[in-house]
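Trainee: below is the structure, and that's it, no one-letter string:
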(Lines give C-alpha, C1' and ligand atoms only; values in the text may rest on other atoms or scores of the structure.)
Protein backbone atom coordinates (compact mmCIF):
# COMPACT_ATOMS: atom_id res chain seq x y z
CA UNK A 1 0.00 0.00 0.00
CA UNK A 2 1.37 3.43 -0.97
CA UNK A 3 1.84 6.18 1.61
CA UNK A 4 -1.35 8.09 0.88
CA UNK A 5 -3.12 4.79 0.21
CA UNK A 6 -3.08 4.26 3.98
CA UNK A 7 -5.04 7.49 4.47
CA UNK A 8 -7.46 7.01 1.56
CA UNK A 9 -8.23 3.44 2.64
CA UNK A 10 -8.97 4.65 6.16
CA UNK A 11 -11.24 7.44 4.86
CA UNK A 12 -13.16 5.02 2.61
CA UNK A 13 -13.80 2.67 5.52
CA UNK A 14 -15.19 5.54 7.58
CA UNK A 15 -16.78 7.48 4.71
CA UNK A 16 -20.07 8.12 6.53
CA UNK A 17 -18.49 9.65 9.64
CA UNK A 18 -15.99 11.67 7.62
CA UNK A 19 -18.76 12.95 5.34
CA UNK A 20 -20.77 14.11 8.34
CA UNK A 21 -17.77 15.70 10.05
CA UNK A 22 -16.46 17.38 6.91
CA UNK A 23 -19.96 18.58 6.03
CA UNK A 24 -20.39 20.23 9.42
CA UNK A 25 -16.93 21.83 9.34
CA UNK A 26 -17.61 23.17 5.83
CA UNK A 27 -21.06 24.40 6.87
CA UNK A 28 -19.54 26.23 9.82
CA UNK A 29 -17.14 28.07 7.51
CA UNK A 30 -19.89 28.96 5.03
CA UNK A 31 -21.90 30.46 7.90
CA UNK A 32 -18.88 32.59 8.81
CA UNK A 33 -18.78 33.94 5.27
CA UNK A 34 -22.34 35.30 5.65
CA UNK A 35 -21.50 37.71 8.48
CA UNK A 36 -19.50 40.34 6.49
CA UNK A 37 -22.38 40.70 4.02
CA UNK A 38 -24.88 41.20 6.84
CA UNK A 39 -22.64 43.85 8.41
CA UNK A 40 -22.43 45.60 5.05
CA UNK A 41 -26.24 45.71 4.78
CA UNK A 42 -26.44 47.06 8.34
CA UNK A 43 -23.90 49.77 7.45
CA UNK A 44 -26.01 50.92 4.49
CA UNK A 45 -29.09 51.02 6.73
CA UNK A 46 -27.32 53.18 9.29
CA UNK A 47 -26.19 55.65 6.58
CA UNK A 48 -29.69 56.06 5.18
CA UNK A 49 -31.79 59.06 6.14
CA UNK A 50 -34.36 56.87 7.88
CA UNK A 51 -32.72 53.64 9.08
CA UNK A 52 -35.03 50.69 9.58
CA UNK A 53 -34.34 49.76 13.20
CA UNK A 54 -36.42 46.61 12.87
CA UNK A 55 -34.31 45.44 9.94
CA UNK A 56 -31.12 46.29 11.79
CA UNK A 57 -32.39 44.30 14.78
CA UNK A 58 -33.22 41.39 12.47
CA UNK A 59 -29.69 41.54 11.02
CA UNK A 60 -28.23 41.50 14.53
CA UNK A 61 -30.33 38.43 15.39
CA UNK A 62 -29.20 36.72 12.18
CA UNK A 63 -25.57 37.42 13.02
CA UNK A 64 -26.09 35.97 16.50
CA UNK A 65 -27.89 32.92 15.08
CA UNK A 66 -25.19 32.27 12.47
CA UNK A 67 -22.50 32.68 15.14
CA UNK A 68 -24.07 30.17 17.54
CA UNK A 69 -24.84 27.66 14.76
CA UNK A 70 -21.31 28.06 13.40
CA UNK A 71 -19.77 27.27 16.80
CA UNK A 72 -21.92 24.15 17.26
CA UNK A 73 -21.44 22.71 13.77
CA UNK A 74 -17.73 23.49 13.76
CA UNK A 75 -17.23 21.86 17.16
CA UNK A 76 -19.24 18.72 16.29
CA UNK A 77 -17.55 18.28 12.91
CA UNK A 78 -14.05 18.65 14.33
CA UNK A 79 -14.79 16.17 17.10
CA UNK A 80 -15.96 13.54 14.57
CA UNK A 81 -12.89 14.00 12.37
CA UNK A 82 -10.52 13.92 15.38
CA UNK A 83 -12.12 10.74 16.71
CA UNK A 84 -11.63 8.90 13.43
CA UNK A 85 -8.15 10.34 13.03
CA UNK A 86 -7.12 8.95 16.41
CA UNK A 87 -8.56 5.60 15.38
CA UNK A 88 -6.11 5.61 12.47
CA UNK A 89 -3.16 6.15 14.81
CA UNK A 90 -4.40 3.22 16.91
CA UNK A 91 -4.79 0.99 13.84
CA UNK A 92 -1.35 1.94 12.49
CA UNK A 93 0.40 1.18 15.77
CA UNK A 94 -1.54 -2.06 16.13
CA UNK A 95 -0.65 -3.13 12.58
CA UNK A 96 2.99 -2.18 13.11
CA UNK A 97 3.23 -4.21 16.31
CA UNK A 98 1.55 -7.21 14.67
CA UNK A 99 3.94 -6.91 11.74
CA UNK A 100 6.95 -6.82 14.08
CA UNK A 101 5.69 -9.95 15.84
CA UNK A 102 5.34 -11.72 12.48
CA UNK A 103 8.81 -10.82 11.20
CA UNK A 104 11.73 -13.19 11.53
CA UNK A 105 15.01 -12.28 13.28
CA UNK A 106 16.72 -11.29 10.03
CA UNK A 107 14.38 -8.29 9.83
CA UNK A 108 15.76 -6.94 13.11
CA UNK A 109 19.32 -7.28 11.86
CA UNK A 110 18.58 -4.40 9.44
CA UNK A 111 16.17 -2.33 11.55
CA UNK A 112 17.21 -0.98 14.93
CA UNK A 113 14.87 -0.77 17.89
CA UNK A 114 15.31 3.01 17.96
CA UNK A 115 14.14 3.36 14.35
CA UNK A 116 11.11 1.15 14.97
CA UNK A 117 10.16 3.13 18.08
CA UNK A 118 10.54 6.38 16.14
CA UNK A 119 8.16 5.14 13.45
CA UNK A 120 5.60 3.94 15.98
CA UNK A 121 5.65 7.21 17.91
CA UNK A 122 6.77 10.23 15.90
CA UNK A 123 5.81 9.13 12.38
CA UNK A 124 2.38 7.90 13.43
CA UNK A 125 1.72 11.13 15.33
CA UNK A 126 2.55 13.15 12.22
CA UNK A 127 0.12 11.04 10.17
CA UNK A 128 -2.45 11.57 12.93
CA UNK A 129 -1.99 15.33 12.55
CA UNK A 130 -2.62 14.96 8.82
CA UNK A 131 -6.01 13.25 9.24
CA UNK A 132 -7.13 15.47 12.12
CA UNK A 133 -5.71 18.99 11.95
CA UNK A 134 -4.98 18.64 8.24
CA UNK A 135 -8.49 17.54 7.33
CA UNK A 136 -10.22 20.05 9.58
CA UNK A 137 -8.12 23.01 8.50
CA UNK A 138 -8.20 22.18 4.80
CA UNK A 139 -11.98 21.73 4.70
CA UNK A 140 -12.60 24.78 6.88
CA UNK A 141 -10.16 26.91 4.89
CA UNK A 142 -11.44 25.84 1.45
CA UNK A 143 -15.10 26.28 2.40
CA UNK A 144 -14.45 29.71 3.87
CA UNK A 145 -12.27 30.71 0.91
CA UNK A 146 -14.73 29.73 -1.82
CA UNK A 147 -17.73 30.95 0.17
CA UNK A 148 -16.13 34.33 0.66
CA UNK A 149 -15.05 34.57 -2.99
CA UNK A 150 -18.55 33.78 -4.22
CA UNK A 151 -20.19 36.38 -1.97
CA UNK A 152 -17.51 38.93 -2.82
CA UNK A 153 -18.07 38.49 -6.54
CA UNK A 154 -21.85 38.36 -6.23
CA UNK A 155 -22.26 41.51 -4.14
CA UNK A 156 -19.26 43.74 -4.86
CA UNK A 157 -18.27 42.75 -8.40
CA UNK A 158 -15.39 40.88 -9.99
CA UNK A 159 -13.17 43.96 -10.17
CA UNK A 160 -12.89 44.23 -6.39
CA UNK A 161 -12.55 40.46 -6.13
CA UNK A 162 -9.60 40.37 -8.52
CA UNK A 163 -7.98 43.28 -6.69
CA UNK A 164 -8.17 41.30 -3.46
CA UNK A 165 -7.03 38.03 -5.01
CA UNK A 166 -4.27 39.29 -7.30
CA UNK A 167 -1.36 38.70 -4.88
CA UNK A 168 -2.78 35.31 -3.89
CA UNK A 169 -1.91 33.86 -7.29
CA UNK A 170 1.68 33.73 -6.02
CA UNK A 171 0.73 31.19 -3.31
CA UNK A 172 0.97 28.13 -5.65
CA UNK A 173 4.44 29.35 -6.63
CA UNK A 174 5.43 29.42 -2.95
CA UNK A 175 4.07 25.90 -2.50
CA UNK A 176 6.06 24.69 -5.50
CA UNK A 177 9.29 26.30 -4.35
CA UNK A 178 9.22 25.78 -0.58
CA UNK A 179 7.05 22.65 -0.23
CA UNK A 180 9.65 20.09 -1.43
CA UNK A 181 12.28 21.67 0.84
CA UNK A 182 9.95 21.25 3.83
CA UNK A 183 9.35 17.62 2.86
CA UNK A 184 13.07 16.84 2.58
CA UNK A 185 13.85 18.62 5.82
CA UNK A 186 11.08 16.76 7.65
CA UNK A 187 12.57 13.46 6.46
CA UNK A 188 16.01 14.46 7.77
CA UNK A 189 14.50 15.47 11.10
CA UNK A 190 12.76 12.10 11.46
CA UNK A 191 15.98 10.25 10.60
CA UNK A 192 17.84 12.27 13.24
CA UNK A 193 15.17 11.39 15.79
CA UNK A 194 15.57 7.70 14.94
CA UNK A 195 19.35 7.94 15.42
CA UNK A 196 18.85 9.51 18.84
CA UNK A 197 16.39 6.74 19.78
CA UNK A 198 19.00 4.12 18.84
CA UNK A 199 21.62 5.66 21.10
CA UNK A 200 19.14 6.00 23.96
CA UNK A 201 17.91 2.40 23.66
CA UNK A 202 21.45 0.97 23.47
CA UNK A 203 22.65 3.03 26.42
CA UNK A 204 19.74 2.08 28.67
CA UNK A 205 19.96 -1.61 27.73
CA UNK A 206 23.70 -1.72 28.30
CA UNK A 207 23.96 0.70 31.22
CA UNK A 208 25.79 -1.85 33.39
CA UNK A 209 28.47 -2.36 30.74
CA UNK A 210 28.68 1.36 30.05
CA UNK A 211 29.28 2.13 33.73
CA UNK A 212 31.56 -0.85 34.31
CA UNK A 213 33.89 0.34 31.55
CA UNK A 214 33.68 3.98 32.61
CA UNK A 215 32.16 5.04 29.29
CA UNK A 216 29.22 7.03 30.66
CA UNK A 217 30.69 10.36 29.51
CA UNK A 218 31.44 8.96 26.05
CA UNK A 219 27.85 7.77 25.60
CA UNK A 220 26.53 11.02 27.06
CA UNK A 221 28.55 12.93 24.46
CA UNK A 222 27.20 10.70 21.69
CA UNK A 223 23.68 11.36 22.90
CA UNK A 224 24.31 15.11 23.04
CA UNK A 225 25.61 15.01 19.46
CA UNK A 226 22.45 13.25 18.30
CA UNK A 227 20.26 15.73 20.17
CA UNK A 228 22.20 18.63 18.66
CA UNK A 229 21.65 17.10 15.23
CA UNK A 230 17.90 16.93 15.92
CA UNK A 231 17.96 20.57 17.05
CA UNK A 232 19.75 21.61 13.84
CA UNK A 233 17.34 19.72 11.62
CA UNK A 234 14.28 20.89 13.55
CA UNK A 235 15.55 24.47 13.51
CA UNK A 236 15.93 24.35 9.75
CA UNK A 237 12.47 22.81 9.44
CA UNK A 238 11.05 25.56 11.65
CA UNK A 239 12.78 28.18 9.50
CA UNK A 240 11.22 26.82 6.31
CA UNK A 241 7.75 26.41 7.78
CA UNK A 242 7.90 29.88 9.35
CA UNK A 243 8.97 31.37 6.02
CA UNK A 244 6.08 29.76 4.22
CA UNK A 245 3.59 30.60 6.97
CA UNK A 246 4.71 34.26 6.88
CA UNK A 247 4.65 34.72 3.11
CA UNK A 248 1.04 33.54 2.73
CA UNK A 249 -0.38 36.22 5.12
CA UNK A 250 1.84 38.75 3.33
CA UNK A 251 -0.02 38.00 0.10
CA UNK A 252 -3.30 38.53 1.95
CA UNK A 253 -2.10 41.87 3.32
CA UNK A 254 -1.12 43.04 -0.16
CA UNK A 255 -4.60 42.09 -1.34
CA UNK A 256 -6.03 44.08 1.56
CA UNK A 257 -4.04 47.16 0.50
CA UNK A 258 -5.24 46.83 -3.11
CA UNK A 259 -8.83 46.39 -1.92
CA UNK A 260 -8.78 49.51 0.28
CA UNK A 261 -7.19 51.56 -2.48
CA UNK A 262 -9.66 50.46 -5.17
CA UNK A 263 -12.62 50.48 -2.77
CA UNK A 264 -11.91 54.06 -1.69
CA UNK A 265 -11.83 55.16 -5.32
CA UNK A 266 -15.12 53.37 -6.12
CA UNK A 267 -16.91 54.71 -3.03
CA UNK A 268 -15.87 58.30 -3.73
CA UNK A 269 -17.16 57.88 -7.28
CA UNK A 270 -20.35 56.33 -5.83
CA UNK A 271 -19.84 53.20 -7.94
CA UNK A 272 -20.34 51.01 -4.85
CA UNK A 273 -22.00 51.68 -1.51
CA UNK A 274 -20.16 52.13 1.75
CA UNK A 275 -21.79 48.91 2.96
CA UNK A 276 -20.30 47.03 0.02
CA UNK A 277 -16.91 48.55 0.82
CA UNK A 278 -17.18 47.52 4.48
CA UNK A 279 -18.27 44.00 3.47
CA UNK A 280 -15.37 43.76 1.00
CA UNK A 281 -12.74 44.77 3.54
CA UNK A 282 -14.21 42.30 6.02
CA UNK A 283 -14.11 39.56 3.40
CA UNK A 284 -10.46 40.27 2.63
CA UNK A 285 -9.68 40.22 6.36
CA UNK A 286 -11.64 36.99 6.59
CA UNK A 287 -9.53 35.48 3.79
CA UNK A 288 -6.45 35.73 6.00
CA UNK A 289 -7.61 32.88 8.23
CA UNK A 290 -8.33 30.26 5.53
CA UNK A 291 -5.12 31.05 3.70
CA UNK A 292 -3.11 30.74 6.90
CA UNK A 293 -4.92 27.46 7.57
CA UNK A 294 -4.13 26.19 4.08
CA UNK A 295 -0.51 27.20 4.62
CA UNK A 296 -0.42 25.12 7.80
CA UNK A 297 -2.04 22.23 5.91
CA UNK A 298 0.68 22.39 3.25
CA UNK A 299 3.30 22.16 6.00
CA UNK A 300 1.49 19.20 7.57
CA UNK A 301 1.23 17.40 4.23
CA UNK A 302 4.89 17.97 3.41
CA UNK A 303 5.90 16.62 6.82
CA UNK A 304 3.51 13.67 6.54
CA UNK A 305 4.77 12.46 3.14
CA UNK A 306 8.12 11.03 4.41
CA UNK A 307 6.40 9.62 7.52
CA UNK A 308 3.77 7.89 5.37
CA UNK A 309 6.51 6.49 3.15
CA UNK A 310 8.41 5.08 6.15
CA UNK A 311 5.27 3.56 7.66
CA UNK A 312 4.08 2.18 4.31
CA UNK A 313 7.48 0.62 3.63
CA UNK A 314 7.48 -1.06 7.03
CA UNK A 315 3.87 -2.31 6.90
CA UNK A 316 4.34 -3.41 3.29
CA UNK A 317 7.29 -5.67 4.18
CA UNK A 318 5.87 -9.14 3.77
CA UNK A 319 6.93 -11.79 6.29
CA UNK A 320 8.08 -15.09 4.84
CA UNK A 321 5.31 -17.60 4.43
CA UNK A 322 5.09 -19.84 7.48
CA UNK A 323 3.21 -22.66 5.74
CA UNK A 324 4.38 -24.48 2.64
CA UNK A 325 1.72 -27.03 1.73
CA UNK A 326 -1.16 -25.97 3.91
CA UNK A 327 -0.90 -28.58 6.67
CA UNK A 328 -1.56 -27.25 10.15
CA UNK A 329 -3.00 -30.12 12.17
CA UNK A 330 -5.21 -29.89 15.19
CA UNK A 331 -2.51 -30.23 17.87
CA UNK A 332 1.03 -28.96 18.53
CA UNK A 333 3.95 -30.51 16.70
CA UNK A 334 4.94 -33.68 18.58
CA UNK A 335 6.42 -37.11 17.99
CA UNK A 336 9.88 -38.22 16.87
CA UNK A 337 12.23 -35.38 15.88
CA UNK A 338 14.62 -36.25 13.04
CA UNK A 339 17.41 -34.07 11.70
CA UNK A 340 18.83 -35.44 8.43
CA UNK A 341 22.03 -34.04 6.96
CA UNK A 342 21.26 -30.47 8.06
CA UNK A 343 23.51 -27.81 6.55
CA UNK A 344 22.79 -24.09 6.86
CA UNK A 345 24.17 -20.66 6.09
CA UNK A 346 22.50 -17.37 7.09
CA UNK A 347 22.99 -15.68 3.72
CA UNK A 348 23.64 -16.96 0.22
CA UNK A 349 27.23 -15.72 0.38
CA UNK A 350 27.82 -16.35 4.08
CA UNK A 351 29.91 -19.16 5.50
CA UNK A 352 28.31 -22.50 6.24
CA UNK A 353 27.40 -22.51 9.94
CA UNK A 354 26.16 -26.13 10.03
CA UNK A 355 27.20 -29.02 7.84
CA UNK A 356 25.74 -32.52 7.71
CA UNK A 357 24.11 -32.55 11.16
CA UNK A 358 21.94 -35.60 11.86
CA UNK A 359 20.27 -36.98 14.98
CA UNK A 360 16.99 -38.49 16.14
CA UNK A 361 15.13 -37.59 19.34
CA UNK A 362 12.17 -39.67 20.50
CA UNK A 363 9.59 -38.60 23.13
CA UNK A 364 11.00 -38.96 26.64
CA UNK A 365 14.61 -38.81 25.50
CA UNK A 366 17.28 -36.21 26.26
CA UNK A 367 20.30 -35.29 24.15
CA UNK A 368 23.12 -32.81 24.59
CA UNK A 369 24.57 -30.55 21.90
CA UNK A 370 28.12 -29.56 22.83
CA UNK A 371 30.54 -27.38 20.91
CA UNK A 372 32.81 -24.38 21.04
CA UNK A 373 31.49 -20.83 21.07
CA UNK A 374 30.35 -19.87 17.56
CA UNK A 375 30.13 -23.47 16.34
CA UNK A 376 26.42 -23.19 15.43
CA UNK A 377 24.78 -24.71 18.50
CA UNK A 378 22.21 -21.91 18.87
CA UNK A 379 21.55 -22.06 15.14
CA UNK A 380 20.13 -25.56 15.62
CA UNK A 381 17.68 -24.15 18.18
CA UNK A 382 16.74 -21.29 15.87
CA UNK A 383 16.02 -23.73 13.02
CA UNK A 384 13.95 -26.06 15.20
CA UNK A 385 11.88 -23.08 16.36
CA UNK A 386 11.77 -21.83 12.76
CA UNK A 387 13.12 -18.44 13.70
CA UNK A 388 14.97 -19.18 10.48
CA UNK A 389 13.66 -21.68 7.94
CA UNK A 390 15.87 -24.74 7.48
CA UNK A 391 16.48 -26.24 4.03
CA UNK A 392 13.62 -28.42 2.84
CA UNK A 393 13.91 -32.11 3.72
CA UNK A 394 16.32 -31.70 6.63
CA UNK A 395 14.13 -31.54 9.78
CA UNK A 396 11.11 -33.77 10.38
CA UNK A 397 8.62 -34.07 13.22
CA UNK A 398 6.58 -37.26 13.31
CA UNK A 399 7.69 -37.94 9.73
CA UNK A 400 6.48 -34.58 8.39
CA UNK A 401 8.81 -31.85 7.13
CA UNK A 402 8.93 -29.04 9.69
CA UNK A 403 8.23 -26.56 6.87
CA UNK A 404 4.81 -28.14 6.42
CA UNK A 405 3.75 -27.20 9.95
CA UNK A 406 2.31 -23.78 10.67
CA UNK A 407 4.40 -21.58 12.91
CA UNK A 408 1.60 -21.66 15.45
CA UNK A 409 1.81 -25.44 15.81
CA UNK A 410 5.60 -25.40 15.88
CA UNK A 411 5.70 -22.78 18.63
CA UNK A 412 3.02 -24.62 20.62
CA UNK A 413 5.10 -27.79 20.48
CA UNK A 414 8.34 -26.25 21.75
CA UNK A 415 9.39 -24.66 25.04
CA UNK A 416 12.60 -22.68 24.90
CA UNK A 417 15.14 -21.15 27.27
CA UNK A 418 17.41 -18.57 25.56
CA UNK A 419 21.00 -17.99 26.55
CA UNK A 420 20.31 -14.68 28.28
CA UNK A 421 17.30 -15.98 30.25
CA UNK A 422 15.17 -13.08 28.99
CA UNK A 423 12.40 -12.03 31.39
CA UNK A 424 9.57 -9.53 31.05
CA UNK A 425 8.49 -6.68 33.28
CA UNK A 426 6.03 -8.07 35.85
CA UNK A 427 5.98 -10.49 38.74
CA UNK A 428 7.87 -13.75 39.18
CA UNK A 429 4.60 -15.69 38.84
CA UNK A 430 3.67 -13.91 35.61
CA UNK A 431 7.04 -14.74 34.09
CA UNK A 432 6.94 -18.43 35.04
CA UNK A 433 3.32 -18.77 33.87
CA UNK A 434 4.06 -16.71 30.77
CA UNK A 435 2.02 -19.01 28.52
CA UNK A 436 -1.15 -18.77 30.64
CA UNK A 437 -3.45 -15.79 30.81
CA UNK A 438 -4.49 -16.91 34.29
CA UNK A 439 -1.41 -18.34 36.08
CA UNK A 440 -1.67 -21.57 38.04
CA UNK A 441 0.22 -20.90 41.30
CA UNK A 442 0.72 -24.54 42.29
CA UNK A 443 1.92 -25.49 38.83
CA UNK A 444 4.32 -22.53 38.84
CA UNK A 445 5.72 -23.53 42.22
CA UNK A 446 6.27 -27.10 41.01
CA UNK A 447 8.12 -25.83 37.90
CA UNK A 448 10.21 -23.49 40.08
CA UNK A 449 11.12 -26.37 42.39
CA UNK A 450 12.33 -28.45 39.42
CA UNK A 451 14.38 -25.44 38.27
CA UNK A 452 15.92 -25.14 41.76
CA UNK A 453 14.66 -21.58 42.21
CA UNK A 454 11.61 -22.08 44.47
CA UNK A 455 13.54 -21.46 47.71
CA UNK A 456 15.12 -18.31 46.30
CA UNK A 457 11.72 -16.97 45.28
CA UNK A 458 10.36 -17.48 48.79
CA UNK A 459 13.10 -15.17 50.09
CA UNK A 460 12.00 -12.36 47.73
CA UNK A 461 10.08 -9.48 49.42
CA UNK A 462 6.71 -10.59 48.01
CA UNK A 463 7.52 -14.14 47.03
CA UNK A 464 5.97 -15.06 43.69
CA UNK A 465 4.28 -11.64 43.50
CA UNK A 466 7.62 -9.79 43.55
CA UNK A 467 8.05 -7.30 40.73
CA UNK A 468 11.32 -8.15 38.97
CA UNK A 469 11.74 -4.88 37.03
CA UNK A 470 12.44 -4.35 33.36
CA UNK A 471 14.02 -7.48 31.87
CA UNK A 472 14.47 -8.88 35.39
CA UNK A 473 16.91 -6.15 36.39
CA UNK A 474 16.35 -6.85 40.11
CA UNK A 475 17.53 -10.47 39.76
CA UNK A 476 20.95 -12.01 39.47
CA UNK A 477 22.02 -13.76 36.28
CA UNK A 478 21.56 -17.20 37.82
CA UNK A 479 18.09 -16.35 39.14
CA UNK A 480 17.00 -15.10 35.73
CA UNK A 481 18.20 -18.28 34.05
CA UNK A 482 16.49 -20.54 36.58
CA UNK A 483 13.19 -18.63 36.34
CA UNK A 484 13.46 -18.99 32.55
CA UNK A 485 13.93 -22.75 32.99
CA UNK A 486 10.87 -22.80 35.27
CA UNK A 487 8.94 -21.00 32.52
CA UNK A 488 9.95 -23.74 30.09
CA UNK A 489 8.90 -26.51 32.49
CA UNK A 490 5.60 -24.78 33.25
CA UNK A 491 4.61 -24.93 29.57
CA UNK A 492 5.09 -28.73 29.53
CA UNK A 493 5.53 -28.82 25.75
CA UNK A 494 6.41 -31.95 23.75
CA UNK A 495 9.88 -30.53 23.03
CA UNK A 496 12.17 -28.53 25.33
CA UNK A 497 15.29 -26.64 24.25
CA UNK A 498 17.76 -25.25 26.78
CA UNK A 499 20.25 -23.07 24.92
CA UNK A 500 23.28 -22.72 27.19
CA UNK A 501 20.76 -21.69 29.83
CA UNK A 502 22.81 -22.65 32.91
CA UNK A 503 25.97 -20.69 32.19
CA UNK A 504 25.33 -18.38 35.20
CA UNK A 505 24.34 -21.22 37.54
CA UNK A 506 26.82 -22.82 39.93
CA UNK A 507 27.83 -26.45 39.35
CA UNK A 508 25.85 -27.96 42.23
CA UNK A 509 22.64 -26.16 41.22
CA UNK A 510 23.18 -27.20 37.61
CA UNK A 511 23.56 -30.79 38.73
CA UNK A 512 20.38 -30.50 40.76
CA UNK A 513 18.41 -29.19 37.75
CA UNK A 514 19.75 -31.95 35.47
CA UNK A 515 18.89 -34.60 38.04
CA UNK A 516 15.33 -33.23 38.21
CA UNK A 517 15.02 -33.41 34.44
CA UNK A 518 16.30 -36.98 34.41
CA UNK A 519 13.91 -37.93 37.21
CA UNK A 520 11.01 -36.51 35.17
CA UNK A 521 11.93 -38.86 32.32
CA UNK A 522 12.25 -41.84 34.64
CA UNK A 523 8.78 -40.99 35.95
CA UNK A 524 7.35 -41.39 32.46
CA UNK A 525 7.54 -37.88 31.02
CA UNK A 526 7.05 -37.86 27.24
CA UNK A 527 8.90 -34.56 26.83
CA UNK A 528 11.93 -34.65 24.54
CA UNK A 529 14.73 -32.37 25.76
CA UNK A 530 17.69 -30.82 23.95
CA UNK A 531 20.37 -29.29 26.17
CA UNK A 532 22.88 -27.04 24.43
CA UNK A 533 26.11 -26.14 26.17
CA UNK A 534 29.65 -25.04 25.39
CA UNK A 535 31.06 -27.24 28.16
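Mentor: Sure, I can see it. Since we're looking at a predicted model, the values are computed, not measured. Residues are numbered from 1 along each chain as shown.
Trainee: what segments of the stretch 401-535 of the chain are strands?
Mentor: Secondary structure of the stretch 401-535 of the chain (DSSP state E, counting those that start in this stretch): strands located at 414-417, 495-499, 528-533.
Trainee: so which elements touch the last one?
Mentor: Yep, that's strand 528-533 we're talking about. strand 366-370, helix 377-384, strand 495-499, helix 507-522 (3 or more Cβ pairs under 8 Å, 6 or more residues apart in numbering; DSSP states H and E). Quick note: C-beta positions are derived from backbone N, CA and C, even for glycine.
Trainee: could you rerun that using 10 Å?
Mentor: Under the contact criterion of 3 or more Cβ pairs under 10 Å, 6 or more residues apart in numbering; DSSP states H and E, strand 528-533 touches strand 354-361, strand 366-370, helix 377-384, strand 414-417, strand 495-499, helix 507-522.
Trainee: what count of nearby residues applies to residue 471?
Mentor: Here the number of neighbours of residue 471 (other Cβ atoms under 10 Å) works out to 15.
Trainee: what residues are up against it?
Mentor: 205, 420, 421, 422, 423, 424, 425, 480 (Cβ atoms under 10 Å, 6 or more residues apart in numbering).
Trainee: please report how far residue 19 lies from residue 130.
Mentor: Noted for residue 19: a distance of 18 Å to residue 130, by Cβ to Cβ, to the nearest Å.
Trainee: between the two, point out the one with more neighbours.
Mentor: Neighbour count, other Cβ under 10 Å: between residue 19 and residue 130, residue 130 has more, with 23 against 12.
Trainee: hang on, the more buried one packs against residue 305?
Mentor: Yes. Residue 130 lies in contact with residue 305 (Cβ atoms under 10 Å); the separation is 9.2 Å.
Trainee: re the thing from before, need the strands of the stretch 401-535 of the chain in a markdown table with mean neighbour count and distance to residue 398, can you?
Mentor: A markdown table is the format used below for the strands of the stretch 401-535 of the chain (neighbours: other Cβ atoms under 10 Å; distance: least, Cβ to Cβ, whole Å):
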| stretch | mean neighbour count | distance to residue 398 |
| --- | --- | --- |
| strand 414-417 | 24 | 14 |
| strand 495-499 | 24 | 11 |
| strand 528-533 | 21 | 11 |
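Trainee: and those as TSV, adding distance to residue 265?
Mentor: Listed next are these as TSV, based on distance: least, Cβ to Cβ, whole Å:
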stretch	distance to residue 265
strand 414-417	86
strand 495-499	88
strand 528-533	92
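Trainee: possible to save those as a markdown table with mean pLDDT and distance to residue 27?
Mentor: Shown next, in a markdown table, are the strands of the stretch 401-535 of the chain (pLDDT from 0 to 100; distance: least, Cβ to Cβ, whole Å):
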| stretch | mean pLDDT | distance to residue 27 |
| --- | --- | --- |
| strand 414-417 | 89 | 60 |
| strand 495-499 | 91 | 64 |
| strand 528-533 | 90 | 69 |
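Trainee: which intervals of the stretch 401-535 of the chain have sub-threshold pLDDT?
Mentor: Within the stretch 401-535 of the chain, not a single segment meets pLDDT under 70.
Trainee: one more pass at 80, please.
Mentor: 420-421, 469-473, 503-504, 534-535 (pLDDT under 80).
Trainee: helices of that one, start to end?
Mentor: Applying DSSP state H, counting those that start in this stretch to the stretch 401-535 of the chain gives helices spanning 407-413, 428-432, 441-450, 454-458, 477-491, 507-522.
Trainee: count the residues that sit near residue 501.
Mentor: 26.
Trainee: so it touches residue 420, yeah?
Mentor: Yes. Residue 501 is in contact with residue 420 according to Cβ under 10 Å; the separation is 9.0 Å.
Trainee: which neighbours do the two share?
Mentor: 480, 481, 484.
Trainee: ok, the first one to residue 420 distance?
Mentor: Distance of residue 480 to residue 420, given as Cβ to Cβ: 8 Å.
Trainee: quick check, central residue of this structure?
Mentor: For the chain, the residue sitting closest to the mean C-alpha position, by Cα atoms, centre = their mean, is residue 120 at 2.1 Å.
Trainee: what's the closest of the strands of the stretch 401-535 of the chain to residue 437?
Mentor: strand 414-417 (17.1 Å; Cβ to Cβ).
Trainee: packing partners of the closest one?
Mentor: Looks like strand 414-417 contacts helix 377-384, helix 477-491, strand 495-499, strand 528-533 (3+ Cβ pairs under 10 Å, 6+ apart).
Trainee: adding distance to residue 149, write these out as a markdown table.
Mentor: A markdown table is the format used below for those (distance: least, Cβ to Cβ, whole Å):
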| stretch | distance to residue 149 |
| --- | --- |
| helix 377-384 | 65 |
| helix 477-491 | 68 |
| strand 495-499 | 71 |
| strand 528-533 | 75 |
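Trainee: right, and residue 247 touches residue 241 too?
Mentor: No. With contact defined as Cβ under 10 Å, residue 247 does not count as touching residue 241 (11.0 Å).
Trainee: who touches both of these two?
Mentor: Residues touching both residue 247 and residue 241 (Cβ under 10 Å, 6+ apart): 178, 295.
Trainee: ok, back up a step: of the helices and strands packed on strand 528-533, which is nearest residue 182?
Mentor: helix 377-384 (44.5 Å).
Trainee: which SSE is immediately downstream of the closest one?
Mentor: strand 395-397 (DSSP states H and E).
Trainee: what sits up against that next one?
Mentor: So strand 395-397 is in contact with 332-340, 342, 357, 360-361, 380, 383-384, 386, 389, 401-405, 409-410, 413-414, 494-495, going by Cβ under 10 Å, 6+ apart.
Trainee: for the record, mean pLDDT for it?
Mentor: Averaging pLDDT along strand 395-397 gives 92.
Trainee: and it, which strands flank it?
Mentor: Paired strands of strand 395-397, with direction, are strand 337-344 (antiparallel), strand 400-401 (antiparallel) (DSSP bridges).
Trainee: that older thread, please indicate which of the shared contacts of residue 501 and residue 420 are buried?
Mentor: 480, 481, 484 (16 or more other Cβ atoms under 10 Å).
Trainee: tell me the spacing between residue 489 and residue 447.
Mentor: 4 Å.
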